[in-house]
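Engineer: What shape does this take:
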Amino acid sequence: MLAKENGAIDPKLLRRMARRIGANTMESKGSHVVFLTPPKAVANVIKKAAIGAMSAN
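Structural biologist: Numbering: from 1, shown residues only. Got it, this is the predicted structure:
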């Protein structure tokens, strides 16, 4: 989950780090406390990751 309005860590840096490790990302409007900003979007990311982890086993 990448917050587009992160003031603590530059979103460009976060995107670059995510690409470097091959992470799947989702961008959302919000600050670096993104889990408090759009809770439904964060819940969907967690749900998608859990389903992916279960199907990988």
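Engineer: Low-confidence ranges, this protein, go.
Structural biologist: Residues of the chain meeting the criterion pLDDT under 70: 35, 37, 57.
Engineer: chain center to the longest helix belonging to the chain: distance?
Structural biologist: In the chain, taking DSSP state H as the definition, the longest helix is helix 39-56. Put simply, helix 39-56 sits 11 Å off its chain's centre (Cα atoms, centre = their mean, to the nearest Å).
Engineer: Quick check: buried residues in it?
Structural biologist: Buried residues in helix 39-56, counted by 16 or more other Cβ atoms under 10 Å: Ala41, Val42, Val45. For every residue, glycine as well, the C-beta is placed using N, CA and C.
Engineer: Other residues contacting it?
Structural biologist: Helix 39-56 is contacted by residues Met1, Met26, Ser28, Val34, Phe35 when judged by Cβ atoms under 8 Å, 6 or more residues apart in numbering.
Engineer: Check those residues and tell me the two furthest apart.
Structural biologist: With Cβ to Cβ as the measure, no two of the contacts of helix 39-56 lie farther apart than Met26 and Phe35, at 12.6 Å.
Engineer: returning to what we had before: nearest to Ile21 among the buried residues of helix 39-56?
Structural biologist: Of all the buried residues of helix 39-56, Val45 has the smallest distance to Ile21: 16.1 Å, by Cβ to Cβ.
Engineer: quick one on the thing from earlier: just the C-alphas of the longest helix of the chain, formatted as CSV.
Structural biologist: What follows is helix 39-56, C-alpha atoms only, in CSV (Å, rounded to 0.1, in the frame of the first residue of the first chain):
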residue,chain,number,x,y,z
PRO,A,39,-9.5,1.6,5.8
LYS,A,40,-11.5,-0.2,3.1
ALA,A,41,-8.7,0.0,0.6
VAL,A,42,-6.2,-1.3,3.2
ALA,A,43,-8.5,-4.2,4.1
ASN,A,44,-8.9,-5.1,0.5
VAL,A,45,-5.1,-5.2,0.1
ILE,A,46,-4.8,-7.5,3.1
LYS,A,47,-7.5,-9.7,1.9
LYS,A,48,-5.9,-10.0,-1.6
ALA,A,49,-2.5,-10.8,0.0
ALA,A,50,-4.1,-13.5,2.3
ILE,A,51,-5.9,-15.2,-0.7
GLY,A,52,-2.7,-15.1,-2.7
ALA,A,53,-0.7,-16.6,0.2
MET,A,54,-3.3,-19.4,0.6
SER,A,55,-3.3,-20.3,-3.1
ALA,A,56,0.5,-20.4,-3.2
